[in-house]
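# Build me a model from this:
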Amino acid sequence: MVVATAAPTQKRLTMQVEAIAADTTAIRSLDWDRDRFDIEFGLQNGTTYNSFLVRGDKIALVDTSHEKFRQLYLDTLKGEIDPANIDYLVISHTEPDHSGLVRDVLELAPNATVVGAKVAIQFLENLIHRPFDRLVVKNGDTLDLGNGHVLEFVNAPNLHWPDTIFSYDRHTQVMFTCDAFGMHYCSDATYDEDLHKIEPDFRFYYECLMAPNARSVISAMKRMKKLGDITTIATGHGPLLRHHVGELTGRYWNWSNEKAQAETTVAVFYISDYGYSDRLSQAIAHGITKTGVAVEMTDLKIADPQEVHEIVARSAGIVLGTPPASGDVSKATLDAVSTIFAAAKDKQIVGIFECYGGDDEPIDPLVTKFRDLGIKNGFDPIRITETPTEATYQLCEESGTDMAQLLTRKDAIKKMKALDSDLDKALGRLSGGLYIITAQKGEVAGGMLASWVSQASFKPLGLTIAVAKDRAIESLMQVGDRFVLNVLEEGNYQHLMKHFLKRFPPGADRFEGVNTQPTNNGSPILADALAYLECTVVSRMDCSDHWIVYSSVDNGRVSNPEARTAVHHRKVGNHY
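Numbering: from 1, shown residues only. The predicted model follows:
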């Protein structure tokens, strides 16, 4: 039931309250029009911020909401209980979209005890700047609320925040997981009834936020299995999981094991509460994992030197966010950075990015230290002189992808040579047309040469395109995104093919020197193309190293009806 709505002149913000189990209520903040979240990826279906009340003899509030919902959320909370009666405020993690109203809730519930991991409590001290009662919990600890409700806590760091914990109510078999198993998907549906509808957002959310922490996902899920049956997963974003718990958690398990079994690993070091370190590192990590290379993310603020040494020792590459040069620099951070340099080896490659925290350690001395150790750059140092934009995050993602491709290039060549030559030549006889995909979303644009294109349906008019997972344009071809398929002309395509085949450095303008025209859907048309089709992505299918992208065709035009489409003939079928 929707109980409150923001003013109509604002973007749509609504509240929903629903009982989800005995003595357990979901308070969902529905952000219908949010189109971007944290890192560079856009949202097609808004998002929600979910909070929960558990009423035993004592009352626990699990998480709060985003500060944009301040009045709506607090009014809704007051409509359910007198906040002064809240005994415990459980903090699953301290990312602002879930803890943005902690200070406000504590003003209304001054006697409440804040429950969280040790790191979460430390973060909150810096966040709310007021004394509060606290209860630090670790894996296996319990909190008895009475009337059968006993919360058992599961340590789940890096999902996707270093201080994350899950809470499991034994009485109702509800697991509160905050970011894990969630999705950015806003609708009136409280639960996951329509699996087909939510699948793309569920997978996209995993790939952006959880895939870089695949090993941590596996560790948390192993702990979950010891708890017993879970009937409902009360997520922090999107619909709660109830109808497809086994199916969707199974997908997390399989995806994470695939990521964790990668032969090559990159260690990504960041500082969770300094500047934009966490978001920039997540974008770089996302770019790395698109290639099949695994990532181990470590927060320098709470890192154990021995653990840092082990991570660096088993990694082929290192990514480091610049730490603060002075001020509140923890000893753990300084020790961790020193350990990185002590453990680094000359066969590794490195990438360094500025965090734009106001007091970054100068980037050049860090680059010099690695160079003196004989370590080469995996990508050029990322220097940030203004608040990060969409283009900045795209630069980070592409830099991560370039680094991972550099690490796996030799193995990729070996695998190509190892395939059966007869099969190779036979598969290569599958010919295709020559096309260039162009897309623009916000200030980020991309272009890619493609030949694996086919019409797929009449009603509606639709086509499929196979897009390699490590292509930069893949991020601009999510469900709901729009793009243009430019058809190249026989005898007049070499200049365009040459341009889009070249390797662009991260963040480069793909259309520099190319004649383009605007379209209705916002993506550029290549002026020298034979024809163009304006398309909208409808669905995506995972095919190992490619996505099969099915799209509706909304508009199109042929510039020369007498000309023919350029055709691409390959000699082999195991690489482009």
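# beta partners for residue 154?
With DSSP bridges as the criterion, residue 154 is bridged to residue 166.
# How far does the strand or helix carrying residue 391 sit from its chain's centre?
Residue 391 belongs to helix 390-418 when elements are defined using DSSP states H and E. Distance of helix 390-418 from its chain centroid, counting by C-alpha atoms, centre = their mean, to the nearest Å, is 18 Å.
# for it, packing partners?
Contacts defined by 3 or more C-beta pairs under 8 Å, 6 or more residues apart in numbering; DSSP states H and E place helix 390-418 against strand 265-270, helix 277-289, strand 317-321, strand 349-353, strand 444-450. In short, each C-beta sits where N, CA and C put it, glycine included.
# Just send the ones you listed back as a markdown table, with mean pLDDT and distance to residue 66 too.
Formatted as a markdown table, the helices and strands packed on helix 390-418 follow (pLDDT from 0 to 100; distance: least, C-beta to C-beta, whole Å):
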| stretch | mean pLDDT | distance to residue 66 |
| --- | --- | --- |
| strand 265-270 | 95 | 22 |
| helix 277-289 | 93 | 16 |
| strand 317-321 | 97 | 25 |
| strand 349-353 | 97 | 27 |
| strand 444-450 | 93 | 24 |
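# average pLDDT for the helix holding residue 391?
Mean per-residue pLDDT for helix 390-418: 84.
# could you dump the helices and strands packed on helix 390-418 to JSON lines with distance to residue 421 and mean neighbour count?
Output for the helices and strands packed on helix 390-418, formatted as JSON lines (distance: least, C-beta to C-beta, whole Å; neighbours: other C-beta atoms under 10 Å):
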{"stretch": "strand 265-270", "distance to residue 421": "32", "mean neighbour count": "26"}
{"stretch": "helix 277-289", "distance to residue 421": "32", "mean neighbour count": "27"}
{"stretch": "strand 317-321", "distance to residue 421": "33", "mean neighbour count": "26"}
{"stretch": "strand 349-353", "distance to residue 421": "32", "mean neighbour count": "24"}
{"stretch": "strand 444-450", "distance to residue 421": "26", "mean neighbour count": "23"}
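# Kindly reformat those as TSV containing distance to residue 99.
Converted to TSV, these look like this (distance: least, C-beta to C-beta, whole Å):
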stretch	distance to residue 99
strand 265-270	19
helix 277-289	14
strand 317-321	22
strand 349-353	26
strand 444-450	29
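# Residue 186: which of those is closest?
helix 277-289 (21.4 Å; C-beta to C-beta).
# right, and the helices and strands packed on helix 390-418 - which one's nearest residue 112?
Once the helices and strands packed on helix 390-418 are compared by C-beta to C-beta, helix 277-289 is nearest, at 27.2 Å.
# nearest to residue 336, of the helices and strands packed on helix 390-418?
Short answer: strand 265-270, nearest of the helices and strands packed on helix 390-418 by C-beta to C-beta, at 7.1 Å.
# how far off helix 277-289 does that closest one point, in degrees?
Strand 265-270 runs at 170 degrees relative to helix 277-289, counting by axes from the mean of the first three to the mean of the last three C-alpha atoms, to 10 degrees.
# quick one on the thing from earlier: looking at the helices and strands packed on helix 390-418, which is nearest to residue 307?
Taking these one by one with C-beta to C-beta, strand 265-270 is closest: 10.7 Å.
# Give me the below-cutoff pLDDT ranges for the stretch 1-150 of the chain.
Within the stretch 1-150 of the chain, the set of residues satisfying pLDDT under 70 comprises 1-11, 37-41.
# switch the cut-off to 80
Along the stretch 1-150 of the chain, the model assigns pLDDT under 80 to residues 1-11, 35-44, 126-127.
# would you list every one of the helices in it?
Ranges of helices within the stretch 1-150 of the chain are 70-80, 96-99, 102-108, 118-128, based on DSSP state H, counting those that start in this stretch.
# domains in the chain, as residue ranges please.
Annotated domains of the chain cover 2-259, 262-411, 425-568 [automatic domain parsing].
# Mind putting the ones you listed into a markdown table with distance to residue 574?
Shown next, in a markdown table, are those (distance: least, C-beta to C-beta, whole Å):
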| stretch | distance to residue 574 |
| --- | --- |
| domain 2-259 | 21 |
| domain 262-411 | 14 |
| domain 425-568 | 7 |
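# Can you tell me the centre-most residue of this structure?
Closest residue to the average C-alpha location of the chain: residue 208 at 1.9 Å, with C-alpha atoms, centre = their mean.
# That one should be in a strand, yeah?
No. Assigned with DSSP: H, G, I helix; E, B strand; the rest coil, residue 208 falls outside any strand and is helix.
# and residue 119, which of the helices and strands packed on helix 390-418 is closest to it?
Among the helices and strands packed on helix 390-418, helix 277-289 comes nearest to residue 119, with 13.2 Å by C-beta to C-beta.
# helix/strand/coil for residue 254?
Residue 254 is classified as helix under three-state DSSP.
# check contacts around it.
Going by C-beta atoms under 8 Å, 6 or more residues apart in numbering, residue 254 touches no other residue.
# re earlier: tell me which residues of the helix holding residue 391 come out buried.
By 16 or more other C-beta atoms under 10 Å, the buried positions in helix 390-418 come out as 390, 392-408.
# Compute the inter-axis angle for it and strand 265-270.
170 degrees.
# Report the angle between helix 390-418 and strand 317-321.
Per the same axes, to 10 degrees, the angle that helix 390-418 makes with strand 317-321 is 180 degrees.
# Now residue 132: closest residue in space, sequence neighbours ignored.
residue 114 (5.3 Å; C-beta to C-beta, 6 or more residues apart in numbering).
# Could you verify my assumption that the one you found touches residue 122?
No. Using C-beta atoms under 8 Å, residue 114 makes no contact with residue 122, being 11.6 Å away.
# Counting neighbours, go ahead and name the busier of these two.
Remark: of residue 114 and residue 122, residue 114 carries more neighbours, 23 against 18, as counted by other C-beta atoms under 10 Å.
# and the more buried one, how far is that from residue 245?
29 Å (C-beta to C-beta, to the nearest Å).
# could you pull out the helices for the stretch 351-500 of the chain?
With DSSP H, counting those that start in this stretch as the criterion, the stretch 351-500 of the chain has helices at 363-372, 390-418, 421-427, 494-501.
# on contacts alone, who are the packing partners of the third one?
In this structure, helix 421-427 makes packing contacts with no helix or strand, judged by 3+ C-beta pairs under 8 Å, 6+ apart.
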